[in-house]
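Enquirer: build me a model:
(one chain, ligands or ions: 2)
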Amino acid sequence: MQKMRLGRTEMMVSKVGFGGIPIQRLTEDEAVTVVRRCLDLGVTILDSSHVYTTSEERIGKAIAGRRESLILATKTPSRTCDGVASDLNLSLERLGTDYIDLYQMHGVRDFDDLKTVLDPNGPMTVLQEAKRAGVVKHIGLTSHSLDVLKEAVKSPHFETVMVALNFVNDVAANELLPLARENDVGVIAMKPLAGGMLDNITLAFKYLMGFPDVLPLVGIDKTEYIEDVIRIVEAPWSMSETEQHEMARVKAELGTRFCRNCDYCQPCPEGILISFILQVRSAVKRYPPEGIFSGTVGEMMEKVANCQKCGECETKCPYGLPIMDMIDEEADWFLQERGKFLQQYQT
Ligand code: SF4
Ligand code: SF4
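Expert: Ligands and ions are numbered 1, 2, ... in the order given. Sure thing, here's the model as predicted:
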């Protein structure tokens with residue numbers, strides 16, 4: 001597969017990267033087969049996180065003996081020095097490697113969170129030390145907040161950023177990419193199919209291939225899927241007028257009910273994580289059900305019942321989404337699905 005330069009990391013990576021979330025849902029043998037098929041087709045960069053349960057371990061098994069030719073990216077949600085050190089060690093162990101090519105501070109929510117990450121005595125010091133020791137080659141950041149990402153690309157600390165980008169959620173194309181280019185920061189695009197909302201993969205990947213310096217990360221759980229994606233990205237690039245009209249049509253159709261994760265609707269006085277609630281169906285599709293239906297996700301969904309219908313969020317949403325109705329619908333759906341899952345589990 002053709003390669004591209006990932007910003008000032010100077011790493012040359014395949015034009016499509018492997019996203020390690022969906023393999024958690026497979027058996028270990030299936031997961032290893034899927035990863036190996038991706039490698040055989042020329043994928044050279046794989047992204048995971050130790051929080052994706054079995055993902056790193058399975059990737060580690062699949063890449064045994066081939067590590068040197070690959071770029072491994074992983075991440076930590078921790079914001080403490082001890083937490084980051086421990087997460088990094090866990091990732092090294094699970095991936096079966098003694099270095100990580102790209103280690104990312106994961107899911108930086110807002111400016112306060114970014115301040116914690118960049119505290120002169122905080123978690124970044126651990127990564128900088130690991131970088132000096134050669135255990136981490138490059139440091140990146142992932143976020144759903146465009147404001148955080150715009151700040152991160154101006155910082156000398158991050159060599160890559162990971163952002164949601166697809167033809168429905170295209171704000172980053174205008175607001176983030178020019179800044180990232182100016183600062184030579186590599187851009188990794190997550191959610192190429194808008195979290196499962198787009199089913200036309202040809203259009204979705206053609207759109208992303210229009211940005212030759214952006215690396216799309218594709219969550220793969222079927223070998224046929226990566227085969228299709230590679231066929232699309234390796235074909236000579238063109239975008240017909242018909243395809244442009246189709247993108248505009250799909251965008252308009254989804255536009256009134258599609259959350260772009262920008263978090264302009266926050267803060268909610270009741271602490272309801274609106275964008276999370278509105279993306280929960282995509283998470284249910286990608287993550288193992290026992291993780292999704294237990295613990296914190298369920299607690300977040302239950303919180304929707306505390307909504308006071310104050311309407312503050314709707315006045316702040318730049319896309320005019322009917323948030324109050326949408327979160328009710330998503331919470332009802334989730335709680336029903338959780339009920340069905342628990343019933344199955346108990347019988
Ligand atoms: S309407 Fe509900 S979700 Fe929106 S800001 Fe008010 S309490 Fe939060
Ligand atoms: S509901 Fe609107 S403001 Fe809130 S994250 Fe989604 S698109 Fe942004």
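Enquirer: give the full set of residues in contact with the residue nearest to the spatial centre of the chain.
Expert: Centroid check for the chain by Cα atoms, centre = their mean gives residue 190 as the closest residue, at 4.4 Å. Applying Cβ atoms under 8 Å, 6 or more residues apart in numbering, we find residue 190 in contact with 19, 142, 162, 163, 164, 165, 217. In this view, the C-beta of every residue, glycine as well, is placed from N, C-alpha and C.
Enquirer: can you pull the pLDDT of it?
Expert: Per-residue confidence (pLDDT) for residue 190: 93.
Enquirer: so who does the residue of the stretch 51-200 of the chain found nearest ligand 2 touch?
Expert: For the stretch 51-200 of the chain and ligand 2, the shortest gap (Cβ to the nearest ligand atom) falls at residue 144, measuring 8.1 Å. By Cβ under 8 Å, 6+ apart, the contact list for residue 144 reads 107, 109, 163, 164, 261, 262, 263, 275.
Enquirer: between the residues you listed, which is nearest residue 81?
Expert: Nearest to residue 81 among the contacts of residue 144: residue 107, at 18.1 Å, using Cβ to Cβ.
Enquirer: just checking, that closest one touches residue 148?
Expert: No - counting by Cβ atoms under 8 Å, residue 107 does not reach residue 148; the two are 9.8 Å apart.
Enquirer: these two - which one has more neighbours?
Expert: Here residue 107 and residue 148 are set side by side on neighbour count (other Cβ atoms under 10 Å), and the busier one is residue 148, at 23 against 18.
Enquirer: and that one, what does it touch?
Expert: Per Cβ under 8 Å, 6+ apart, neighbours of residue 148: 108, 109, 110, 111, 113, 114, 141.
Enquirer: report pLDDT for it.
Expert: 94.
Enquirer: element containing it?
Expert: With secondary structure defined by DSSP states H and E, residue 148 is part of helix 146-154.
Enquirer: for the helix or strand that that helix is followed by, packing partners?
Expert: Moving toward the C-terminus from helix 146-154, the next helix or strand (DSSP H and E) is strand 160-164. Counting contacts by 3 or more Cβ pairs under 8 Å, 6 or more residues apart in numbering; DSSP states H and E, strand 160-164 is packed against strand 100-105, strand 136-142, helix 146-154, strand 186-190.
Enquirer: just send those back as JSON lines, with distance to residue 221 too.
Expert: Below are the helices and strands packed on strand 160-164 laid out as JSON lines (distance: least, Cβ to Cβ, whole Å):
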{"stretch": "strand 100-105", "distance to residue 221": "22"}
{"stretch": "strand 136-142", "distance to residue 221": "21"}
{"stretch": "helix 146-154", "distance to residue 221": "27"}
{"stretch": "strand 186-190", "distance to residue 221": "16"}
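Enquirer: quick one: low-confidence parts of this structure?
Expert: Applying pLDDT under 70 to the chain flags the ranges 346-347.
Enquirer: do the lengthiest helix in it and ligand 1 meet?
Expert: For the chain, the longest helix by residue count, based on DSSP state H, is helix 323-346. Yes - judged by Cβ under 6 Å from any ligand atom, helix 323-346 comes into contact with ligand 1 at 323, 324.
Enquirer: list the buried residues in that helix.
Expert: Neighbour counts using 16 or more other Cβ atoms under 10 Å place 323, 324, 326, 327, 328, 330, 331, 334, 335, 337, 338, 341 of helix 323-346 among the buried residues.
Enquirer: ok, the second one - contacts?
Expert: Contact criterion Cβ under 8 Å, 6+ apart gives 307, 309, 311, 313, 314 as the residues in contact with residue 324.
Enquirer: and with 6 Å instead?
Expert: Residues in contact with residue 324 (Cβ atoms under 6 Å, 6 or more residues apart in numbering) are residue 309.
Enquirer: picking up where we left off before, in ChimeraX, select just the buried ones from the contacts of residue 144.
Expert: Restricted to buried positions by 16+ other Cβ under 10 Å, the ChimeraX selection for these reads:
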select :107,163,164,261,262,263,275
